[in-house]
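Asker: Sequence first, then the predicted structure:
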Amino acid sequence: MTDALKWIDPDDNRHLSEIKHRDEAIIKSLDLNIEEMIKMWVYIDYRKANKLIDLFSYYLKKPFNGNGIDLGAGTGLFSSVLANKGINKVYALEIVPSFINYVIPLVANHYSKEKSHKIIPVLGTFDDIQLPNNSLDFAFEYDAFHHSENLRVTFSAIHQKLKPGGNLLIIDRCHPDSMTDEEVQKLLNIQYSEKFLNKHGYDENLVLTRRENGEHEYRKNEWMSAIENSGFNIKVFRTFYNKVSLKQLYWYMLSTIKGKRGRDLSILKIFLAQNFGIYLSDYNTLTPMRESLSTNKTFIILEKV
């Protein structure tokens with residue numbers, strides 16, 4: 001496997017709780033097998049990750065090729081999937097040193113084998129990509145950008161590095177604009193439970209909030225503003241909602257008739273999009289169930305023009 005690159009000093013961010021505690025937990029998890037480690041840190045397996053990459057190919061109407069970057073690569077699972085798709089190379093960019101030093105090499109050798117040389121681990125941040133401008137064919141991220149301190153800075157940094165016609169591919173969470181500031185703060189102030197800490201190898205006596213763990217809860221308008229400000233063209237922007245049942249639809253319609261409709265997105269719109277491909281508004285926001293591989297995530301394809 002190709003030696004790791006260091007775009008930042010490993011000690012620069014070790015004081016940050018979101019990196020320090022995760023770094024220590026990763027080292028504790030190294031006695032797990034690859035599948036168990038993937039499950040702990042990514043929550044999906046290789047098969048599902050492969051299907052998600054295939055779905056991007058379907059919308060792009062072309063296979064993956066050239067040089068790319070996996071932003072916030074974590075275990076390097078998606079880097080391994082991409083390496084097996086025929087690309088030249090992929091930079092597995094991650095800010096947590098233990099992922100770079102231990103986990104990504106293990107995962108690459110396990111899943112990509114003789115193709116593992118295509119994966120280049122990089123210690124760095126997605127706001128400071130130390131590659132030539134216009135040098136990348138694609139950039140990919142899975143559940144990483146909600147750790148961005150400033151989406152506009154992040155999108156602009158990536159836009160610079162992509163070739164004209166290059167794509168930024170995103171799977172992340174995106175809240176509706178109806179979510180209030182108070183609700184956002186409430187989510188960020190949630191303290192992780194002892195069960196969560198134990199499961200992920202943290203000290204069970206640790207007091208850690210989601211805010212301290214580097215989380216953000218971005219709403220759709222914040223995503224859209226950052227994208228448009230950076231100059232990307234939006235090709236796809238769809239949300240994978242949980243399956244809406246007929247029973248849910250019935251109670252929703254009944255509450256609407258009685259004038260008790262809540263602030264949530266219309267269940268009727270989601271139901272029609274999921275089951276019949278019928279879009280009453282905002283085609284790019286709803287996804288048919290046949291494509292819903294990752295519920296409660298938003299699927300975005302951007303193009304540098």
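Answerer: Received, thanks.

Asker: residue ranges for the helices of the stretch 1-150 of the chain, please.
Answerer: Taking DSSP state H, counting those that start in this stretch as the criterion, the stretch 1-150 of the chain carries its helices at 17-28, 34-41, 46-60, 77-83, 97-98, 104-111.

Asker: now these as CSV including mean neighbour count and distance to His147?
Answerer: All C-beta atoms are positioned from the backbone trio N, CA, C, and that covers glycine. As requested, those are arranged in CSV below (neighbours: other CB atoms under 10 Å; distance: least, CB to CB, whole Å):
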stretch, mean neighbour count, distance to His147
helix 17-28, 18, 7
helix 34-41, 17, 14
helix 46-60, 16, 19
helix 77-83, 28, 16
helix 97-98, 20, 16
helix 104-111, 22, 17
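
Asker: out of those helices, nearest to Lys118?
Answerer: Evaluated with CB to CB, those place helix 77-83 nearest to Lys118, the distance being 4.2 Å.

Asker: Which other helices and strands does that closest one contact?
Answerer: helix 46-60, strand 67-71, strand 89-94, helix 104-111, strand 119-123, strand 136-142 (3 or more CB pairs under 8 Å, 6 or more residues apart in numbering; DSSP states H and E).

Asker: Now mean pLDDT and distance to Leu187 too, for those, in a markdown table please.
Answerer: Listed next are the helices and strands packed on helix 77-83 as a markdown table, based on pLDDT from 0 to 100; distance: least, CB to CB, whole Å:
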| stretch | mean pLDDT | distance to Leu187 |
| --- | --- | --- |
| helix 46-60 | 91 | 25 |
| strand 67-71 | 98 | 23 |
| strand 89-94 | 98 | 25 |
| helix 104-111 | 97 | 30 |
| strand 119-123 | 98 | 29 |
| strand 136-142 | 98 | 20 |
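
Asker: Can you check which of those gets nearest to His21?
Answerer: Closest to His21 of the helices and strands packed on helix 77-83 is strand 89-94 (CB to CB; 15.4 Å).
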